[in-house]
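K.L.:
what's the 3D shape of this:
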Amino acid sequence: MNKTSDQTSMGLILPLLIILFMAVGLAYMLPKLSAGQTLILAGGIVFFIICLASSRAAIYLLILSMLLSPEFIVGKTEGSSMGRGITLRIDDFILILVGFSWLAKMAIHKKLGLFLQTPLNKPIGWYLIACLTSTLLGAMFLHVHLKTGFFFVLKYFEYVFVYFMLANHLQNKSQIRNLTWALLVTCVIVSIIGITQIPLGERVSAPFEGEVGEPNTFGGYLVFMMCITAGLLLASDSLRSQMLYGALICLFLVPFFYTQSRTSYLAMIPASLSFIWLSGRRHWVFFTLLLLGMLLPFIAPDTAKERVTYTFTQGEEFPQETFVISGVRLDTSTSARVKSWREVARDWVKHPVFGFGITGYEFVDAQYFRVLIETGLLGLTTFLFLLFSIFRHARQVLHKTAASFERGLSMGFVAGFIGLFFHGFGANTFIIVRIMEPFWFVLAMVIMIPNLENGHLDEPASPTSPVHRGNIARSDTDGPST
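P.N.:
Model (predicted):
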């Protein structure tokens, strides 16, 4: 009786404290707000209460906010990395709420650890340590403005938090299916919004990306989501489901073409070809891709074809500003990327081990060159080790999973990972919020699949032993472990 009462009291303390601080803040703010601002604030409070009352509801709201979250500039950053503004998004607040519920749950159930021990803990830990070390050293040597570096590194931690947050909340395979469908529905919404932009004659981008959109970001996201959908299609034995997945892919392709993102077009090629290797229906996939390849010049919109040819024709107008590679003169945009790569190759030797620190060097629009110049060989090695570990463990899950939906999700993730890997040669793919939040979210589901094969998993009653889910354990004291 007393134990139950104590646990109930502990579970109420944190929400009551949060409500108290909110009440004090509201009493201070309300007299200064307009009617419109008051309505927005009221909606935010309702949103907050829903998240606080149900971590499950918060997770679904997080999925929607990944691509449908407005950004708010709350400050300015300084330093050599573009002087970007400090932005907050709705999903940042949702993650904070889920984190509070996570901590409250641990306070009640002391047997729960802070992090699940997953096969990726050690690679994640080493990479984050490399980022922190490089950035702190960069700040010491005045390459990094500390506030700027802090907020950028904090974003990296946020991606990892998405991974561990979901891994801690997953209890059965039905959750994986429901969450996957929530991701697909979100992609449908943003695709329809993207299609509405086509008549404007501009490159299509995701909603709420500010005054200047990021078509390259939207293209990378669509590559990943189309791979997830294609994996589910290839693993399904239901004709109705296959037709539905096929219709979704066709819908996603429309805004994808109109992003005019050449990096995304390039990433789609290895991502699609990987299904020949990953799928058990190799011959069907091969002939389908062959047919699509033959039809593509006829079905692709003119804007997409012009964008591709632009790569090799526009540079003739600016011969002094462009590069010639293998007898082909590149356009100014691609030439600027090549120039930045050369500068990185020239400058990284100044700080070869730890780099200049996160945001300590000028903007480089290529993931691997940026990692090299900002975190040095240490950061690049740990980053590639993390990517290799993600690929290896996701592929292992694919080979071990028999259930069609989970197998399709794993297959789609591996193909999507391959696509994003190539996308990283032309964009900072693995640090872009609108790509990485869905990526780490799906990764958590894939990694947890083997541990949910036996259905619902209840927490063990014994507080003296670690909590096991298959071969994954929780522990407060153990460090990152495989």
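
K.L.:
so what pLDDT did residue 92 get?
P.N.:
Confidence at residue 92, expressed as pLDDT, is 72.

K.L.:
same question for residue 465.
P.N.:
Confidence score, pLDDT, at residue 465: 35.

K.L.:
now residue 167
P.N.:
Listed pLDDT for residue 167 reads 88.

K.L.:
pLDDT weak spots in the stretch 201-350 of the chain?
P.N.:
Filtered on pLDDT under 70, the stretch 201-350 of the chain yields the residue ranges 210-212, 314-328.

K.L.:
50 instead, please
P.N.:
By pLDDT under 50, the stretch 201-350 of the chain has no low-scoring segment.

K.L.:
what about the helices in it?
P.N.:
Assigned by DSSP state H, counting those that start in this stretch, the stretch 201-350 of the chain shows helices spanning 215-235, 239-258, 262-278, 282-299, 302-313, 332-347.

K.L.:
in terms of secondary structure, what does the second one contact?
P.N.:
When you say that, I think you mean helix 239-258. Where contact means 3 or more Cβ pairs under 8 Å, 6 or more residues apart in numbering; DSSP states H and E, helix 239-258 is packed against helix 173-197, helix 215-235, helix 302-313. Just so you know, the C-beta spots here come from the backbone N, C-alpha and C atoms, and that holds for glycine as well.

K.L.:
can you add mean neighbour count and give the ones you listed back as TSV?
P.N.:
Shown next, in TSV, are the helices and strands packed on helix 239-258 (neighbours: other Cβ atoms under 10 Å):
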stretch	mean neighbour count
helix 173-197	18
helix 215-235	27
helix 302-313	14
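
K.L.:
out of those, nearest to residue 329?
P.N.:
Closest approach to residue 329 among these is made by helix 302-313 (7.2 Å; Cβ to Cβ).

K.L.:
and the angle from that closest one to helix 215-235?
P.N.:
Here helix 302-313 runs at 120 degrees with respect to helix 215-235, directions being taken by axes from the mean of the first three to the mean of the last three Cα atoms, to 10 degrees.

K.L.:
list the helices and strands helix 302-313 packs on?
P.N.:
Here helix 302-313 touches helix 239-258, helix 262-278, going by 3+ Cβ pairs under 8 Å, 6+ apart.

K.L.:
circling back: out of the helices of the stretch 201-350 of the chain, nearest to residue 127?
P.N.:
Of all those, helix 332-347 sits nearest to residue 127, with 19.2 Å by Cβ to Cβ.

K.L.:
okay, buried residues for that closest one please.
P.N.:
Buried residues in helix 332-347, counted by 16 or more other Cβ atoms under 10 Å: 334, 335, 337, 340, 341, 344.

K.L.:
what residues are up against the third one?
P.N.:
When contacts are counted by Cβ atoms under 8 Å, 6 or more residues apart in numbering, residue 337 touches 365, 366, 426.

K.L.:
so residue 434 is in contact with residue 215, correct?
P.N.:
No. With contact taken as Cβ atoms under 8 Å, residue 434 and residue 215 are classed as non-touching, separated by 11.6 Å.

K.L.:
count the residues that sit near residue 136.
P.N.:
By the other Cβ atoms under 10 Å criterion, the neighbourhood of residue 136 contains 18 residues.

K.L.:
how about it, nearest residue that isn't a chain neighbour?
P.N.:
Leaving aside its sequence neighbours, residue 136 sits nearest to residue 357 (Cβ to Cβ, 6 or more residues apart in numbering; 7.5 Å).

K.L.:
burial measure for that neighbour, as a count.
P.N.:
Counted by other Cβ under 10 Å, the residues lying close to residue 357 total 36.

K.L.:
any chance of JSON lines for the helices and strands packed on helix 239-258, columns distance to residue 121?
P.N.:
What follows is the helices and strands packed on helix 239-258, written out as JSON lines (distance: least, Cβ to Cβ, whole Å):
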{"stretch": "helix 173-197", "distance to residue 121": "20"}
{"stretch": "helix 215-235", "distance to residue 121": "23"}
{"stretch": "helix 302-313", "distance to residue 121": "41"}
